[in-house]
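Predicted model, plus sequence, below.
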Amino acid sequence: MSKAGYSAPSGAAVALVAATAKTVIGVAAPAQFGVDLTKLRISFDGVTASAIPVLVELCYATFATNPPGTNSTSITVQQEYGRSIVAGFTAAYAWTAANEPTVLTTLDNWTLGRGTGWRSRRPRGRGSRSRRSSRGTASRTRRS
């Protein structure tokens, strides 16, 4: 079985507010498509030793409300490899504070210091999969 691979880079930096969860990127797939999250890169612009660490959560998302493109900025999905087909999913970044997507279930979380640069995270096993209608993955952050 061959696969097609896509990337969904956010178009700009996403501002964080202390003690407030913020969904920074999300991908949703309809019933006829699945999503395998194979890599996630996150960076922060804090440059001092006193910069506050950030809790990063990798979430399963039903997008019951506010799917990608609703109260967020849509991302143009880019095909990276595989047979050329139209992407059957949507992606977005920077949901507005009062309009976070629902329902989010945390699959994994870790703390990343703001002054440490970027981190690449690969989910364990074969990746984080989503196979149901209007489901996907999201990453949200929370400053201490």
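Perfect, thanks for sending it. Residues are numbered from 1 along each chain as shown.

Okay, residue 65 and residue 72: tell me how far apart.
12 Å (CB to CB, to the nearest Å). Yep, even glycine has a C-beta here, placed from its N, CA and C like the rest.

residues touching residue 103, list them.
Residues near residue 103 by CB atoms under 8 Å, 6 or more residues apart in numbering: 61, 62, 64.

make it 10 Å
Contacts of residue 103 were listed using CB atoms under 10 Å, 6 or more residues apart in numbering, and they are 59, 60, 61, 62, 63, 64, 65.

Measure how buried the third one is and give me the count.
Read it as residue 61. The tally of other residues near residue 61 (other CB atoms under 10 Å) stands at 25.

Which residues are in contact with it?
Residues near residue 61 by CB under 10 Å, 6+ apart: 23, 26-28, 67-68, 101-105, 130, 134-140.

what about burial for those, which qualify?
Among the contacts of residue 61, those classed as buried by 16 or more other CB atoms under 10 Å are 23, 26-28, 67-68, 101, 104, 130, 135-140.

Which of the residues you listed fall within strands?
Per DSSP state E, strands hold the following members of the buried ones among the contacts of residue 61: 23, 26, 27, 28, 104, 130, 135, 136, 137, 138, 139, 140.
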